[in-house]
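Enquirer: Task: produce atomic coordinates for the following.
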Amino acid sequence: MFNLAGHCALITGAGQGVGAQIARVLAEQGATVLVNDLFQERAEVVVDEIRKSGGNATSLVADITKLEVLKEQIAQVTSELGCQIDILVNNAGIPAEGIELARFVDSDPTQWSRHIELNGYGLLNATYAVLPGMIERQWGRIVTITSDGGRVGDAGVAVYGAAKAMGPGFMRSLAKEVGSVGVTCNSISLGSIAHPNYQPDAERLAKMNKLYATRRRGTPEDIAPAVLLLVSDEGSWITGQTIPVNGGYATS
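Expert: Now for the predicted structure:
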């Protein structure tokens, strides 16, 4: 099951965390993986890990908020590899962990655009760059990583939630446009994921853990298997869905 040999996968924001683990897992199943990150060093670390484990990976350093640059980079890398992208995981985004909580009326309007550009335009750009080829070849998988902050809402992160809510809406609409030609589009909605750049103190961590039925935050290893199902042949009848992988944070 879940054999991805012969497929080429682009994972955005794959230089660390959830994206890096998704890249590793898809490569383990035989996919040629393009590790996208804004920083060459981070991408190359993941690429090296995958290659040392016997997988096939290469870095794709590009700012996904810049459509034409992204398209050029994709064209160059896929030409060198001799493959076409038929799996896209829209993972890049500003993580909720570490965002300073504030009511919307107290938020800084000059900071809104960074959420919209990466979580919004980045999603649109990456999809726009690879979707025509999927349609032409009549096979494709698109998975967008979103957040329960956008799916059910959380106080104090309204702008973040709005940007993250774009993903599921986009996937649902797109699924109806391309389902008939063999392309599926889904979202995975996350709860809080442990992140090396955000280490809450013991009191804060205890309060966070109580919000989850599992009494713990998630890890990248918790997320990648769900992505693997959705991008495989075994997930071909799942489309237009938002699947919570959230440790029981929000069950509705």
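
Enquirer: helix or strand right after the strand or helix carrying residue 126?
Expert: Using DSSP states H and E, residue 126 sits in helix 122-137. Later in the chain than helix 122-137, the nearest helix or strand by DSSP H and E is strand 140-147.

Enquirer: I'd like the next helix or strand past that next one.
Expert: Taking DSSP H and E, what comes next after strand 140-147 is helix 148.

Enquirer: And the contacts of the helix or strand following that following helix?
Expert: Counting by DSSP H and E, the next helix or strand C-terminal to helix 148 is helix 158-178. Contacts to helix 158-178, defined as Cβ atoms under 8 Å, 6 or more residues apart in numbering, come from residues 90, 93-94, 96, 99, 103-104, 107, 111-112, 115-116, 118-120, 123-124, 127, 131, 134-135, 140, 142, 144-147, 149-151, 153-154, 184-187, 189, 239-240, 242. In this view, the C-beta of every residue, glycine as well, is placed from N, C-alpha and C.

Enquirer: tell me the angle helix 158-178 makes with strand 140-147.
Expert: 160 degrees (axes from the mean of the first three to the mean of the last three Cα atoms, to 10 degrees).

Enquirer: Would you mind getting the angle between helix 158-178 and helix 122-137?
Expert: Using the same axes, to 10 degrees: helix 158-178 against helix 122-137 is 10 degrees.

Enquirer: So for helix 158-178, mean pLDDT?
Expert: Across helix 158-178, the average pLDDT comes to 93.

Enquirer: My read is that residue 183 contacts residue 139, right?
Expert: Yes: using Cβ atoms under 8 Å, residue 183 and residue 139 qualify as a contacting pair, with a distance of 7.2 Å.

Enquirer: neighbour count winner among those two?
Expert: residue 183 (22 against 17; other Cβ atoms under 10 Å).

Enquirer: Could you report the neighbour count for the closest residue in space to the more buried one that isn't next to it in sequence?
Expert: The shortest distance from residue 183 to any non-neighbouring residue, by Cβ to Cβ, 6 or more residues apart in numbering, is to residue 140 (3.8 Å). For residue 140, the tally of surrounding residues (other Cβ under 10 Å) stands at 25.

Enquirer: if we can go back for a sec, could you flag which of the contacts of helix 158-178 are buried?
Expert: For the contacts of helix 158-178, a burial check counting by 16 or more other Cβ atoms under 10 Å picks out 90, 93-94, 96, 99, 107, 112, 115, 118-120, 123, 127, 131, 134, 140, 142, 144-147, 149-151, 154, 184-187, 189, 239-240, 242.
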